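In: Sequence plus the predicted model coming up.
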Amino acid sequence: MECIEIGGWVVSVDAERTRATYASIAKGGWENCGCTYCRNFGAVVLKSFPPKVLAFFAQAGIDPLKDAEVYEFGETSPGVRSYGGEYYFWGRIEQDAAGELQAEPKFQVTFTLPSALVQPEFRADGAACFLFSADLPWVLEEHAT
């Protein structure tokens, strides 16, 4: 296992096992749902997540397009909506830190034990949750409904 730091948190990650598990997952939660909010998330995740988060995902073996769950909380300013969501990996939390990454848009990271929303592929001892909240742009031509 490799230790990785992000936003003041330190986690141990089995990247090889995590990468192999993501390869077995057909679609992310946003794609399985397909609502307007989720489709917008899928359209912006690779462009709007902070580089530090995408680098963490790459190092940890997490596929950013295969969230376990994503949820939308409403508009925070014109053209910007508040999102939250969960991703999973094999590993454990080594050091807690409550903090917000210094990135635009606002992006907050927390690591927790798995919730009831965990994908079946991660329902075993040794899974951990990357929980985020972020302000993300609305890029779809259709309006939020």
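Out: Done, it's in.

In: check contacts around residue 128.
Out: Shown in contact with residue 128 (C-beta atoms under 8 Å, 6 or more residues apart in numbering): 11, 88-93, 111-114. (Glycine included, C-beta is placed from N, CA and C.)

In: Sorry, wrong one. I was asking about residue 79.
Out: 137-138.

In: Ok, the one 5 residues further on next?
Out: Counting by C-beta under 8 Å, 6+ apart, residue 84 makes contact with 70-71, 73, 131-134.

In: let's see it at 6 Å
Out: 71, 133 (C-beta atoms under 6 Å, 6 or more residues apart in numbering).

In: Can you give me the separation between the closest residue in space to residue 68 that isn't next to it in sequence and residue 110?
Out: With C-beta to C-beta, 6 or more residues apart in numbering as the criterion, residue 68 has its nearest non-adjacent residue at 4.5 Å, and that residue is residue 86. Between residue 86 and residue 110 the distance is 10 Å, computed by C-beta to C-beta, to the nearest Å.

In: Quick check on these two: which one has the bigger neighbour count.
Out: Comparing residue 86 with residue 110 by other C-beta atoms under 10 Å, the one with more neighbours is residue 86, at 22 against 18.

In: Out of the contacts of residue 128, who's the most crowded?
Out: Per-residue neighbour counts (other C-beta under 10 Å) across the contacts of residue 128 peak at residue 89, which has 28 neighbours.

In: per-residue confidence averaged over the strand or helix carrying that residue?
Out: Element membership for residue 89, per DSSP states H and E: strand 80-95. Averaged over strand 80-95, pLDDT sits at 95.

In: List the strands paired with it, with their directions.
Out: In the sheet, strand 80-95 lines up against strand 9-13 (antiparallel), strand 69-77 (antiparallel), strand 127-137 (antiparallel) (DSSP bridges).

In: Please name whichever of those is nearest to residue 53.
Out: Closest approach to residue 53 among those is made by strand 127-137 (7.5 Å; C-beta to C-beta).

In: In the chain, where is pLDDT below threshold?
Out: For the chain, the stretches with pLDDT under 70 are 98-105, 144-145.

In: now the helices for this protein?
Out: Ranges of helices in the chain, per DSSP state H, are 15-23, 29-33, 36-48, 51-60.

In: Which positions within the second one qualify as buried?
Out: Using 16 or more other C-beta atoms under 10 Å as the burial criterion, the residues of helix 29-33 that qualify are 29-31, 33.
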